[in-house]
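In: no FASTA, just this:
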């Protein structure tokens, strides 16, 4: 095996940064005799234009020549040498940049002998790798210019409306009969203070008025999802008919469910103990009775069973507290909380306004929760005020339990269908920080409360952001799979199977974190097959393959063996 | 929605922090030409100056560096560092932006990072620049430089040119995404916090810099005088949620303090850490898990109180923090070696930003939307990295949609 490239070596003096520690003459002598090395030059600065031109000029045939450069770290300027050479038509696959500056001359500046030996070792390994590096596989993807949006709550509606305005065809599927998600359950939306109908009306008009831009399937059930970024096939049933559609990207906006208190604080057996949603129903019906209302925060959450903060409940209770005051300005409203979560400017102002309107706040401790008192009806709430260390008894007509959002019961099934992970609380796992809506599965994005509880405003924003990400994927025309995702701008090696050697044991299928490996029948026998769009080149499959029939062409077992040999056989 | 049938004008992204980088990449990947404007010498913004990020506890370097690199190498992105926006004028439905670029003096494409110029400079005007900048290069402080030319002579690759002057240019842009981020605020006017009266009363960003693994002490927790502190106090909402300075909650400081305190404990378990807080806002994705992990062990003390007065003890033995124990209504005093003030962050709006009065609201934050201009990230509302990135993508979308459909 190998690529029969003839190797041209270049060593960089780096204006003394390398050559004043490392004996480059000795390195040159050692390398010249190394098998496969056809020429060797020593230059002053390989990273600068003047030397770059010399470098490029020595490559008569880009396919038959491999370059091994003894220079600086890829993270210093080595990367730029490769990029510049690529611009001159020399593939990065034919260039090894071996770090003999940061990793040798700089770090071992007091030990020139050892640094020189190490440089020779590293360069020999570079030569071996370059001789045995195979060209990676590449597959082109022509993304389907349609997007599947799962869930018609604020996040899904916002994603769908944005995509329609971008001229992208959208398939919007929802389990509910009418769009709006959780917003349908509440009277007004915080902190914007508009009705739920007003909140989404513009976006809904965009979607449902557009001529054929959106196929909306209410009351639908997902059956299966196959494929990968750029080309997914989704089947689902809507009414009595089954549909199968092809899309380029998937936006999961399934939202979350409101947790029921399960008897906590005597909910269900004491008249006047309500959940937030039950209170919303009374608001909607205009039947609010009683003007002494106590809200209890963190019901069934931030505890052992659900150790997370659902983020939105404080604002929801603030909103409801103010609504009680709207009905009766004389009402006495308490919010018993553990921390009021109103980050930022808009929500903090919302909190200040509620305080100014007379909503009273009282902090309780997790291990001394409030106790709801009463025989048939609520009478009062007894609570230990954590700030003043006093027991307080608050007369109440209504106690409102602020329960969190929790993952839907079928979140596991949806995760399985799309190949998503879930976090310890059951929400869909996304990549962190710089890729907050992307999942481990290319082309599948998660937004809204399906990823983490959010208010309508954030759900809408995330829906728009997810639409943007989907648009980036499907609007670029034909793409190389290795450049498909936003995290891989550079080509890298994808797994390749030698079908003659593969025994179909399935180890690779079991271990692949991206579901890229599968067993398929080839000439009567099961063989491993790699989906190059899903593969991210991690190499997990290589490590479990019993006979080396699956390899990363850029770093095959053969190449790594040759690299080791190059070091071990040195002897001198 | 107006479709420009004539020429596709580029989009200008103001600010090269997490929001600006994300917006620039979103736009570029979807086919727009982007001019990314950064005031400093390298991309990354405030996050690049952080040691670690919550809730991952990873170095800020990794997640950011790959994005910065993608930005620098993307063929649709034109990068303007050391550049400020002077004026923006709307002319015939497009935006004429005048830029002023400070000279770089050191050509990043020629600097090989040998560092020979640094000891040669008689006024120490040359520094290595941010640790993880991409591309990495040495930086000359134009204010300190005396133009003596010693560095020019020693540079082996002729990368230095100190004759450069401020250069002005004009870009005609279709839209602007404002992503100018935030900055630390001098809170010495709030005298009760004692900022400026003692070297070890620090803002949290100063503390981050002092204790960073890539900083002067290589991650060791030491005071400004180089001594090992025994007790550190983190004061939350110092200048924020405070009608005297910033009424808003800066949104990032609770987790930031938790992160800093836990890294102090990790590196020097014997140092006592107290966080004085108002509400501990650990509401973001996985933040409460982080909070539980750090607080559950009991190693970090949480004290729900807002200190009244912070002052240096006359005998120099420490910094006194007075606060009320609300359960007894008694005023107490505790003595610390370092006090970290958390919270006073304000939107960073470049000096040349056009007509700020019209762009910002009463709290100094950028308003939701204007004609052809879309703000995102901290300059619009205090928010963490994930929220900034989401908002940047949403702002990029607005550029494609050609008009805002929702307000703030």
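Out: Happy to help now that I have it. Here the structure is a predicted model, which means the values were calculated and not measured.

In: and the stretch 401-550 of chain A, which residues reach chain B?
Out: A:423-424, A:427, A:432-437, A:451-452, A:458, A:460-462, A:464-469, A:471-472, A:475-476, A:486-487, A:489 (C-beta under 8 Å from any C-beta of the partner chain). C-betas here are computed from N, CA, C, even on glycine.

In: Would you mind listing which of those residues are buried?
Out: A:423, A:427, A:432-437, A:451-452, A:458, A:460-462, A:464-469, A:471-472, A:475-476, A:486, A:489 (16 or more other C-beta atoms under 10 Å in any protein chain shown).

In: which residue packs closest to the closest residue to chain B within the stretch 451-572 of chain A, ignoring adjacent ones?
Out: Closest approach between the stretch 451-572 of chain A and chain B, counting by C-beta to the nearest C-beta: residue A:465, at 3.5 Å. Spatial nearest neighbour of residue A:465, chain neighbours left out: residue B:393 (3.5 Å); criterion: C-beta to C-beta, 6 or more residues apart in numbering or on different chains.

In: now the one you found: how far from residue A:515?
Out: For residue B:393, the distance to residue A:515 equals 26 Å [C-beta to C-beta, to the nearest Å].

In: Can you tell me the centre-most residue of chain B?
Out: residue B:46 (2.1 Å; C-alpha atoms, centre = their mean).

In: thinking again about what came up before, which of residue B:393 and residue A:515 has more residues huddled nearby?
Out: Remark: of residue B:393 and residue A:515, residue B:393 carries more neighbours, 29 against 14, as counted by other C-beta atoms under 10 Å in any protein chain shown.

In: Looking at the more buried one now. What's its pLDDT?
Out: Note for residue B:393: predicted pLDDT of 97.

In: Surely it is in a strand?
Out: No: under the criterion used here (DSSP: H, G, I helix; E, B strand; the rest coil), residue B:393 is helix, not part of a strand.

In: Now do the contacts for it.
Out: Residue B:393 sits next to A:437, A:464, A:465, A:466, A:468, A:469, B:22, B:23, B:26 when contact means C-beta atoms under 8 Å, 6 or more residues apart in numbering or on different chains.

In: list the contacts for the residue of the stretch 451-572 of chain A closest to chain B?
Out: By C-beta under 8 Å, 6+ apart, residue A:465 lies in contact with A:437, A:447, B:389, B:390, B:391, B:392, B:393, B:394, B:397.

In: Can you convert the residues you listed into TSV and add a column each for distance to residue B:368?
Out: Compiled in TSV, those are given as follows (distance: C-beta to C-beta, whole Å):
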residue	distance to residue B:368
A:437	21
A:447	20
B:389	18
B:390	15
B:391	11
B:392	15
B:393	16
B:394	11
B:397	14
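
In: Check those residues against residue A:168 and report the nearest one.
Out: residue B:397 (11.7 Å; C-beta to C-beta).

In: surely the closest one meets residue A:468?
Out: Yes: the pair residue B:397 and residue A:468 qualifies as a contact (C-beta atoms under 8 Å) at a distance of 4.2 Å.

In: anything in contact with each of these two?
Out: By C-beta under 8 Å, 6+ apart, residue B:397 and residue A:468 have these common neighbours: residue A:162.

In: buried sites along the helix or strand harbouring residue A:129?
Out: Residue A:129 belongs to helix A:112-132 when assigned by DSSP states H and E. Using 16+ other C-beta under 10 Å as the test for burial, helix A:112-132 gives A:115-132.

In: what does the model give residue B:357 for pLDDT?
Out: For residue B:357, the predicted pLDDT is 56.

In: ok, now residue A:488?
Out: For residue A:488, the model assigns a pLDDT of 56.

In: And what about residue B:163, helix, strand or coil?
Out: coil.

In: how many other residues sit next to it?
Out: By other C-beta under 10 Å, neighbour count at residue B:163 equals 9.

In: Following element in sequence after the least confident helix or strand in chain B by mean pLDDT, please.
Out: Scoring the helices and strands of chain B by mean pLDDT, DSSP states H and E places helix B:356-359 at the bottom, with a mean of 65. Using DSSP H and E, the helix or strand that directly follows helix B:356-359 along the chain is strand B:373-375.

In: ok, that next one near chain A or not?
Out: No: counting by C-beta under 8 Å from any C-beta, no contacts exist between strand B:373-375 and chain A, the nearest distance being 11.3 Å.

In: Packing partners of that strand?
Out: If you count contacts as 3 or more C-beta pairs under 8 Å, 6 or more residues apart in numbering or on different chains; DSSP states H and E, strand B:373-375 packs onto strand B:175-178, helix B:385-401.

In: what does the stretch 101-250 of chain B put close to chain A?
Out: B:109-110, B:112-114, B:135-136, B:156-157, B:241, B:247-249.

In: Counting neighbours, what do you get for the residue lying closest to residue B:215 once chain neighbours are set aside?
Out: Distances taken as C-beta to C-beta, 6+ apart put residue B:209 closest to residue B:215, at 5.6 Å, once the chain neighbours are dropped. By other C-beta under 10 Å, 16 other residues sit near residue B:209.

In: rewinding a little: isn't the residue nearest to the centre of chain B up against residue B:205?
Out: Yes: Residue B:46 is within contact range of residue B:205, at 7.5 Å (criterion: C-beta under 8 Å).

In: Around residue A:57, count how many other residues there are.
Out: With other C-beta under 10 Å as criterion, residue A:57 counts 9.

In: Could I get the phi/psi values of residue 287?
Out: I'll assume chain A. Dihedral angles of residue A:287 (phi, psi; degrees, to the nearest 10) stand at phi -120, psi 60.

In: nope, chain B
Out: phi -70, psi -40.

In: gap between it and residue A:403?
Out: 19 Å.

In: Compare these two and say which is more crowded by neighbours.
Out: Comparing residue B:287 with residue A:403 by other C-beta under 10 Å, the one with more neighbours is residue A:403, at 26 against 23.

In: quick one: contacts for the residue nearest to the more buried one when sequence neighbours are not counted?
Out: Excluding its sequence neighbours, the residue lying closest to residue A:403 (C-beta to C-beta, 6+ apart) is residue A:259, at 4.4 Å. The contact partners of residue A:259, by C-beta under 8 Å, 6+ apart, come to A:300, A:301, A:306, A:403, A:404, A:405, A:406.

In: Mind doing that once more with 6 Å?
Out: Applying C-beta atoms under 6 Å, 6 or more residues apart in numbering or on different chains to residue A:259 gives the contacts A:300, A:403, A:404, A:406.

In: how close does it sit to chain B?
Out: Distance, residue A:259 to chain B, by C-beta to the nearest C-beta, to the nearest Å: 15 Å.
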